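1. Would you be able to build a 3D model of this:
(chains A, B, C and D)
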2 protein chains.
Amino acid sequence: MNTLSPPSPSPHVPLSHQLAETIEEDIVTQRLPPGSKLDEVMLANRFQVSRTPIREALIQLASGGFVELRPRRGAIVTRADPHRLLEMFEVMAELEAYCGRLAARRANSGERQALLTAHVACEAASHAGDPDRYFYLNEHFHQTLYKLSHNSFLEEQARQLQKRLRPYRRLQLRVRRRTEQSYQEHQSIVEAIVSGNEDMAAQAIRAHIRIQGERFADLMASLQGG
Amino acid sequence: MNTLSPPSPSPHVPLSHQLAETIEEDIVTQRLPPGSKLDEVMLANRFQVSRTPIREALIQLASGGFVELRPRRGAIVTRADPHRLLEMFEVMAELEAYCGRLAARRANSGERQALLTAHVACEAASHAGDPDRYFYLNEHFHQTLYKLSHNSFLEEQARQLQKRLRPYRRLQLRVRRRTEQSYQEHQSIVEAIVSGNEDMAAQAIRAHIRIQGERFADLMASLQGG
DNA sequence: GGTATTCATCTTGTATACAAGAACTTTTAA
DNA sequence: TTAAAAGTTCTTGTATACAAGATGAATACC
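-> Down below sits the predicted model:
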């Protein structure tokens, strides 16, 4: 037995894992909208595999909250009702606010610079009102924030929830001048963290995330009413 | 060999789900300690089922963070290193603190009474220094707290993490006079929530949870050193 | 005509079969 | 004696087979 070289991570990735990632991507990008039925045979044919890895992928997705497994009645893409989404945004706001607080406390100068860089990168897309590009850069900005917390578990939790809320956040940016407003909010966040103001960082982030939940609620209400 | 109780017969729930619950219970109660190898054939024999539902259960457990799936090399019970656990306790502290804040803001008088009842129930076990009984009642107290947040998503997240940290919290209560101290801390929490003092509730809970993480770190350090 | 019931079909849940990589054992070379 | 190499066994990953509940259609009944 060789004790010097550590066991290298197996290069082999199970099919079910790859399938889960692919299907999850289809869900968060709305190619598979909430409520879609996920027929095992259909998916098996589509990906040219047997039902076994498909089922295993669906179980992973269910554990992540992306799909709902109804015993003996198949899987559907989770459809979150507005109230549930508000709750999720509430939790997201707290998680991110805590990331910000820790970032303000723990981030070194290089990391603060990285956050600033990620922020500046958003500027052009914001002013141009390019929601797709802004969406991408915005995600990067927030993920940078998570990393600066120096708490990898918190970072993972935040990323997971970010992904889960992705379809609903995406909608927001189509609202008039939302990208510019979002960018302004980022400005306050960056200032607070760079200057090491924990409370201000937490408060700015909380407000930033909450706005999305509330806007979503408004949107849903208007759709109900119209 | 240790007898792991078979899954309870429940016709409409998939086997894999029951198996996952049973195995998870064995993990959080340390009947399957961190690092244990989870051989698929062995588990299949033990539960008198085929490997298929066993594999599906393991995937669910992996998504919940209870086991680690190493491609082509089998599953083991997750062994969290001390640093990781500190991180998890940090996040738990924030989640629960937020539960407490929302509870102080939102709970009605009946709910406040329920919390008080759950608290008082802990008293006898605390003074008797009965860690097992206190552990059970303590979990109920905290779960009541989660419910009072009036945010079911937050409640679920908190319960999940509570379960995941269970093996490590359980250790704490064996420490001398820890049950009494825990009970005292609960006292401050209850007072804050009943009186509707959000900040005090959040702060008291944060401290309460943090102590566990820090005590755990101390314990690990002493084991390392000795 | 509408509703309940029975039967055929389809889909899911579990078991078994087979293929391929990992672990272990034995052999061989220095 | 130690270490590398080869061969064997064992375990996991995927495919297929089969059983049982769910869906839907046709029929019987009011």
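
2. near DNA strand D, which residues of chain A?
-> Taking CB under 7 Å from any atom of the strand, the part of chain A that reaches DNA strand D is made up of A:2, A:14-16, A:49-53, A:56, A:71-73. (Glycine included, C-beta is placed from N, CA and C.)

3. switch the cut-off to 6 Å
-> Counting by CB under 6 Å from any atom of the strand, chain A comes close to DNA strand D at A:14-16, A:49-53, A:72-73.

4. Select from those the one having the most neighbours.
-> Tallying neighbours with other CB atoms under 10 Å in any protein chain shown puts residue A:16 at the head of the residues of chain A next to DNA strand D, with 21 neighbours.

5. Surely that residue and residue B:59 touch.
-> Yes: when contacts are counted by CB atoms under 8 Å, residue A:16 is listed as touching residue B:59 (7.4 Å).

6. and the residue of chain A nearest chain B?
-> In chain A, the residue that lies nearest chain B is residue A:63 (3.1 Å; CB to the nearest CB).

7. Number of residues surrounding that residue?
-> For residue A:63, using other CB under 10 Å, the count is 19.

8. That one: what's it in contact with?
-> B:59-60, B:63-64 (CB atoms under 8 Å, 6 or more residues apart in numbering or on different chains).

9. repeat that for 10 Å
-> A:20, A:69, B:20, B:59-65 (CB atoms under 10 Å, 6 or more residues apart in numbering or on different chains).

10. next one: residue A:84
-> So, once contact is read as CB under 10 Å, 6+ apart, residue A:84 ends up touching A:78, B:151-153.

11. ditto for residue A:51
-> A:40-41, A:43-45, A:58.

12. how about a cut-off of 6 Å?
-> Counting by CB atoms under 6 Å, 6 or more residues apart in numbering or on different chains, residue A:51 touches A:40, A:44.

13. Would you mind measuring from it to residue A:63?
-> Per CB to CB, to the nearest Å, residue A:51 is found 19 Å from residue A:63.

14. And for residue A:166?
-> Applying CB to CB, the value for residue A:166 to residue A:63 is 17 Å.

15. Up against chain B, what does chain A have?
-> A:10, A:12, A:14, A:56, A:59-60, A:63, A:71, A:87-88, A:90-91, A:94, A:98, A:151, A:153-154 (CB under 6 Å from any CB of the partner chain).

16. residue closest to the middle of chain A?
-> residue A:162 (2.0 Å; CA atoms, centre = their mean).

17. That residue is in what secondary structure piece?
-> Residue A:162 belongs to helix A:152-172 when elements are defined using DSSP states H and E.

18. Could you point out the longest helix of chain A?
-> Criterion DSSP state H: the longest helix present in chain A is helix A:198-225.

19. and that one, what does it pack onto?
-> helix A:82-106, helix A:152-172, helix A:178-194 (3 or more CB pairs under 6 Å, 6 or more residues apart in numbering or on different chains; DSSP states H and E).

20. Out of those, which is the most enclosed?
-> Greatest average neighbour count among the helices and strands packed on helix A:198-225 goes to helix A:82-106 (a mean of 22), per mean count of other CB atoms under 10 Å in any protein chain shown.

21. how many degrees apart are it and helix B:82-106 in direction?
-> 130 degrees (axes from the mean of the first three to the mean of the last three CA atoms, to 10 degrees).

22. what's the spacing between helix A:82-106 and its chain's center?
-> Averaging C-alpha positions (CA atoms, centre = their mean, to the nearest Å) puts helix A:82-106 12 Å from its chain's average.

23. for the record, mean pLDDT for it?
-> Per-residue pLDDT over helix A:82-106 has a mean of 97.

24. neighbouring contacts of the next helix or strand after it?
-> Note on helix A:82-106: by DSSP H and E, the next helix or strand toward the C-terminus is helix A:109-128. Residues outside helix A:109-128 that contact it (CB under 6 Å, 6+ apart) are A:133-134, A:137, A:140-141, A:144, A:148, A:179-180, A:183, A:186, A:190, A:194.
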